[in-house]
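In: Got a predicted structure plus its sequence, pasted below:
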2 protein chains.
Amino acid sequence: MLNFENVSYAVIGAGNGGLAMAGYLALKGYSVNLYNRSREKLESLISYPVITLSGSVEGKSVLNLVTSDIGEAIQNTDIIMVTVPATGHYHLAKAMAPYLKDGQIIVLNPGRTGGALEVYETIRKSGCDKDIVVAEAQTFIYACRATGPNSARIFSVKNEVALAAIPATSTRRVIRLLSGAYPQFTPARDVMETSLNNFGAIFHPAPTLLNSGHIERGQAFEYYLEGITPSIGQMLERLDAERMKVARALGVKAVSALEWLEESYGAKGDSIYEAIQNNPAYKGLTAPKGLDTRYIYEDVPCSLVPIASIAEHLGIETPAIDTIIRLANMMTGRNFREEGRTVDKLGLKGLSVVEIHRLAQTGEVKKTTVHEQEVVA
Amino acid sequence: MLNFENVSYAVIGAGNGGLAMAGYLALKGYSVNLYNRSREKLESLISYPVITLSGSVEGKSVLNLVTSDIGEAIQNTDIIMVTVPATGHYHLAKAMAPYLKDGQIIVLNPGRTGGALEVYETIRKSGCDKDIVVAEAQTFIYACRATGPNSARIFSVKNEVALAAIPATSTRRVIRLLSGAYPQFTPARDVMETSLNNFGAIFHPAPTLLNSGHIERGQAFEYYLEGITPSIGQMLERLDAERMKVARALGVKAVSALEWLEESYGAKGDSIYEAIQNNPAYKGLTAPKGLDTRYIYEDVPCSLVPIASIAEHLGIETPAIDTIIRLANMMTGRNFREEGRTVDKLGLKGLSVVEIHRLAQTGEVKKTTVHEQEVVA
C-alpha cells in the first residue's frame, strides 16, 4: 500500500525551485523523475543525473530519470510536484491529461490563485476521466536558487505551508503522503483558502510597477526594504483590503498581509510599511533586474486577475486591483485580464458561493436541477 | 493710452517663478507689486524690496510694493501675472474678485488645463461684473529657482510660449502689452489650445508615480533621463494619445509630445523614450525628493482631471488617464477627481464644442433659447 515512505515523485520544471525540490526528494531517498519542457536546460542532467544541494540542505543525490517527455516523466509516479510558473499550469495540464493514471496526485508549488481549479478543470475538459487529485500549496516551500545546471542553493525552508486538494476530502491523505519529505504542509479548508491567501498578489505586481523606472534600468535595490515606501505600503493595504473582502465573501478564513508578516516572520507594525521595515528576513532580497519578471507576468494574470474575476462574479468592486491590472496591461502592451485566470477558466462560471465550495470539496459541479433552474430564473 | 512701455504689473506668488518674474520686470523698468499669501515669505523683501537675479539675466532691481494684501497688490496695476500653483487659482480668483477694476488683465503662468476658464468662471460667480481679461500661458517662461528671500537664478528662458485670453479677441492685445517685457509670447487660437497642449499632464504625474519608491525615499536620480524608461515611455504615449484625441474632438490644433520635444528642444526619436534620451536639455533635471510634489498635487487635479472631465463630457474614453488619476488618489488618500477641475468648475457643463469655443472666444456663455431647449429635450 502507498505510504509516505514508498511514494515516487515526478518534479515538473527544472528551474530554481524544481532543481532544489528534485535534489532534496532524491536526497531523502525517493525515486524522482525530473521533467523540463525545453531539453536544452536538461542536457547536463541527462548525461549526469546528479544534483548537488548547498545551503540549508547539503548533499548530492541521483535522479531516477531526466526527460523532456511529459508522458515518460509522470509514468509510474505517485505524486507530481509542479514547480513551473502558474502561467504554465494550463498548458501543462493539457499536456499531462492523456497520460494521467488513476490515483495520481498533482501538487502545484504554489498554485497562486485558482491553480488547482484551473488544472482540475483543464484535465477534465481535455477528456481525462481518471481519478486524479489536484492540490495546491499556498507558497513555495523554499527560498532557493539554481547555482548551475546540476546544483541549487536552498537559502531557507518555510516552517509551515498551507495546502489543499480537490477534492478537499483528499487533503489530509495528500499531506500524509508528502510528510515523509515535507512535514511542513498543513491542511487548509479547501483550495479557495490557499488561493485567496496568496500574498504574491499583494507584494509582487504593485511594488514592481511603482518602482518600474529603477527596475527596468536594472538598478539594484532592496525590493522590500527600499522598494516599499509609506505611500506604496498604503497602496498595498488597499489591495489587501480588497483581497480580504473577496475572501470573506467566499467564507474563507482570510489572513491580512499584516497578520501574515507577523505569523511568518514575527515582523510587527501598525502598517504594511512598518512591518516590512521590521522584517530582517527581507534583507538582501533585491528587486528583479527588468520588468520581464514573474512579479508581473505571473502574478498579474494568475493572482490579481482571478481575484478580480471572482470579485466581479460575486458583485464586489476591486478598484485598486483593477488599477494595477490596467497599469500592467498598459505598461506591457498585454491583456492580462483576457490571458489570465477568469472564473470561466477556473470552472466557476455561474456557481454560487455554496456551489464553489462544493466543487472544491468534492471535485464535482453540482448540477442544478430543472426545478431549481426555474426558481433561479 | 496704455502701451507696452507704461504697463504696471502685479506679480502674484513669491516662489521660484514669482521672484524671477518680479525681479525681471522691475529690471526692465516696470512698476511691480509683489504679492504672497503668507507674509513670512515676504519679511525680508518688505524691509528691503530689492531682487537680485543671476543666470541668463543678471541685475538688481527695486520693487514698487511688497504685500500680502491682495487688494493693495493689484490696485492700480494693468497686468496681474499669476505664478502660484494651479491649485491656488480658484482661491486667488475669489480673493481678487472684489478688487478687480475694468480693463485689468490676469495672466496665468501657466494655466495648466482650464486655468483661464476656472478663473474667469470664478470671478463671475463671485459677483464681479467688471471688464476683465483672463489669459493663460501654455508653460512657464523660465526654468528658474529662488536662491534666497531676495534672489533668484534664471537657468533658461523659453524662445516661444503660446498664450490665449478669454475673450480670445483680446489675445493679440495682451501679447502686445506683454511684449515690452516678454516678446516670446505667441497667440494661440483660444484657451482650449493652450489648455489641451499641456505637457505637464503627460510628463509629470505618471513618471513620478512609476518611480514613487525612489522619489519617496528621496533618492536622487535624473527625472527624465533615468526615470522615463521604455515601458514608462509607452505609458506616456498612451496618455498623450488620449490627450490628443480630446484635443482633436475639440477642434484644437493638437501637438503630440513627440512633436513638442522636437519643436522645443530639437530632440528626435521614434518614441517618447528615445526623444527624451536624445534631449541634452533634460540633463541635470533631477526628480522631486518626495511624493509631496507639484507633479502630483498640481498636475493631477489641474492637468489630468480637466482633460478626463472634458473627455467624459464629449463621450471619449480615457482609460490611461483614468488609471493614473486613480493611482494618484490611492497613493495619496486624496480624491483629485473631486478636488480637481471638472467641466462644472470650468463653466463648460452642458456646452457643446461650438459653445465651448464661443465661451473661449467671447467670454459669454451662449444662452440656449427656449425653442432650442425644447429641441434638445
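Out: Yep, it's here. As the structure is a prediction and not an experimental result, all values here were calculated from the model.
In: May I see the buried residues of the top helix by length along chain A?
Out: Scanning chain A for the longest helix, with DSSP state H as the assignment, gives helix A:230-249. Neighbour counts using 16 or more other Cβ atoms under 10 Å in any protein chain shown place A:231-240, A:242-247, A:249 of helix A:230-249 among the buried residues. In this view, the C-beta of every residue, glycine as well, is placed from N, C-alpha and C.
In: now swap in stretch A:283-303 and tell me
Out: For stretch A:283-303, burial by neighbour count (16+ other Cβ under 10 Å) applies to A:287-288, A:291, A:293-303.
In: Now stretch A:185-197: buried residues?
Out: Neighbour-count burial for stretch A:185-197, counted by 16+ other Cβ under 10 Å, picks out A:185, A:187-197.
In: and it, average pLDDT?
Out: Mean pLDDT, stretch A:185-197: 97.
In: Using PDB, write down the CA coordinates of that stretch.
Out: Taking C-alpha atoms only, stretch A:185-197 is exported to PDB below (Å, rounded to 0.1, in the frame of the first residue of the first chain):
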ATOM      1  CA  PHE A 185       2.400  21.100   4.900                       C
ATOM      2  CA  THR A 186      -0.700  21.900   6.900                       C
ATOM      3  CA  PRO A 187      -4.300  21.400   5.700                       C
ATOM      4  CA  ALA A 188      -6.400  24.400   4.500                       C
ATOM      5  CA  ARG A 189     -10.100  24.100   4.500                       C
ATOM      6  CA  ASP A 190     -10.200  23.900   0.700                       C
ATOM      7  CA  VAL A 191      -8.400  25.500  -2.400                       C
ATOM      8  CA  MET A 192     -10.400  28.700  -2.000                       C
ATOM      9  CA  GLU A 193      -8.400  29.300   1.200                       C
ATOM     10  CA  THR A 194      -5.000  28.700  -0.300                       C
ATOM     11  CA  SER A 195      -6.000  30.700  -3.400                       C
ATOM     12  CA  LEU A 196      -7.300  33.700  -1.600                       C
ATOM     13  CA  ASN A 197      -4.400  33.900   0.900                       C
END
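In: Not counting its neighbours along the chain, what's nearest the closest residue to chain B within the stretch 1-150 of chain A?
Out: Residue nearest to chain B within the stretch 1-150 of chain A: A:Thr87 (19.0 Å; Cβ to the nearest Cβ). Take A:Thr87 and drop its neighbours on the chain: the residue closest to it by Cβ to Cβ, 6 or more residues apart in numbering or on different chains is A:Glu298, 5.4 Å away.
In: ok, which residues in chain A are in contact with chain B?
Out: Residues of chain A found near chain B (Cβ under 8 Å from any Cβ of the partner chain) are A:207, A:209-214, A:216-217, A:221, A:226-232, A:234-235, A:238, A:291, A:319-320, A:323, A:326-327, A:330-333.
In: Return a selection command, for use in PyMOL, containing the buried ones of those residues.
Out: Buried residues among those (16+ other Cβ under 10 Å), as a PyMOL selection:
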select buried, chain A and resi 207+209+210+211+212+213+214+216+221+226+227+228+229+231+232+234+235+238+291+320+323+326+327+330+331+332
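In: Could you list which of the residues of chain A next to chain B belong to helices?
Out: Filtering these for helices - DSSP H - leaves A:207, A:209-210, A:212-214, A:216, A:230-232, A:234-235, A:238, A:319-320, A:323, A:326-327, A:330-332.
In: quick one: low-confidence ranges for chain A?
Out: A:366-377 (pLDDT under 70).
In: That one - how does it break down into domains?
Out: Domain segmentation of chain A under automatic domain parsing yields A:8-195, A:200-346.
In: Need those domains in TSV (columns: distance to B:Arg145).
Out: Listed next are the domains of chain A as TSV, based on distance: least, Cβ to Cβ, whole Å:
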stretch	distance to B:Arg145
domain A:8-195	47
domain A:200-346	24
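In: Quick check, A:Thr122 in contact with A:Tyr90.
Out: Yes - if you go by Cβ atoms under 8 Å, A:Thr122 and A:Tyr90 touch, sitting 5.6 Å apart.
In: So for these two, which sits in the more crowded spot?
Out: Shown here are A:Thr122 and A:Tyr90; by other Cβ atoms under 10 Å in any protein chain shown, A:Thr122 has more neighbours (23 against 17).
In: Wasn't the more buried one part of a strand?
Out: No - A:Thr122 sits outside any strand when classified using DSSP: H, G, I helix; E, B strand; the rest coil, being helix.
In: Now do the contacts for it.
Out: A:89-90, A:93-94, A:97 (Cβ atoms under 8 Å, 6 or more residues apart in numbering or on different chains).
In: what do you get for A:Ala188?
Out: By Cβ under 8 Å, 6+ apart, the contact set of A:Ala188 is A:138, A:162-164, A:171, A:194, A:197.
In: what's the answer for A:Ser8, then?
Out: For A:Ser8, the contact set (Cβ under 8 Å, 6+ apart) comprises A:30-33, A:64, A:76-79.
In: Report the beta-bridge partners for it.
Out: Per DSSP bridges, the residues bridged to A:Ser8 are A:Ser31.
In: tally of neighbours for the closest residue to A:Gly103 other than its chain neighbours?
Out: Nearest non-adjacent residue to A:Gly103, counting by Cβ to Cβ, 6+ apart: A:Asp131, 6.2 Å away. For A:Asp131, the neighbour count with other Cβ under 10 Å is 12.
In: Now do the phi/psi pair for A:Asp131.
Out: Taking degrees, to the nearest 10, you get phi -90, psi 90 for the backbone angles of A:Asp131.
In: ok, now the one 10 residues further on?
Out: Torsion angles at A:Ile141 (phi, psi; degrees, to the nearest 10) stand at phi -70, psi -30.
In: Tell me which residues touch it, please.
Out: Neighbouring residues of A:Ile141 by Cβ under 8 Å, 6+ apart: A:21, A:109, A:157-158, A:161, A:182, A:184.
In: since we're on whichever residue of the stretch 51-200 of chain A sits closest to chain B, how many residues are nearby?
Out: When scored by Cβ to the nearest Cβ, the stretch 51-200 of chain A has A:Gly200 as its residue closest to chain B, at 18.3 Å. Around A:Gly200 there are 21 other residues, counting by other Cβ under 10 Å.
In: Equivalent analysis for A:Ala116, please.
Out: For A:Ala116, using other Cβ under 10 Å, the count is 29.
In: Do I have it right that it meets A:Gln138?
Out: No - in this structure A:Ala116 lies outside contact range of A:Gln138 using Cβ under 8 Å: 11.0 Å.
In: Now for the two: what residues contact both?
Out: Shared contacts of A:Ala116 and A:Gln138, defined by Cβ under 8 Å, 6+ apart, are found at A:Thr194.
In: contacting residues for A:Ala137?
Out: Neighbours of A:Ala137 in contact, by Cβ under 8 Å, 6+ apart: A:107-111, A:161-163, A:185, A:194.
In: and if we set it to 7 Å?
Out: Applying Cβ atoms under 7 Å, 6 or more residues apart in numbering or on different chains to A:Ala137 gives the contacts A:107-111, A:161, A:163, A:185.
In: Can you show me the strands along the stretch 151-300 of chain A?
Out: Taking DSSP state E, counting those that start in this stretch, the strands of the stretch 151-300 of chain A run over residues A:151-157, A:161-166, A:185-187.
In: Partner strands of the second one, with direction?
Out: This means strand A:161-166. Strand A:161-166 pairs in its sheet with strand A:133-137 (antiparallel), strand A:185-187 (parallel), by DSSP bridges.
In: Skipping its backbone neighbours, what lies nearest A:Ala254 in space?
Out: Per Cβ to Cβ, 6+ apart, closest to A:Ala254 is A:Ala247, 3.5 Å.
In: if I look at that neighbour, how far off is chain B?
Out: Remark: distance between A:Ala247 and chain B (Cβ to the nearest Cβ, to the nearest Å) = 20 Å.
In: Wait, that residue touches A:Leu196, no?
Out: Yes - using Cβ atoms under 7 Å, A:Ala247 makes contact with A:Leu196 at a distance of 3.9 Å.
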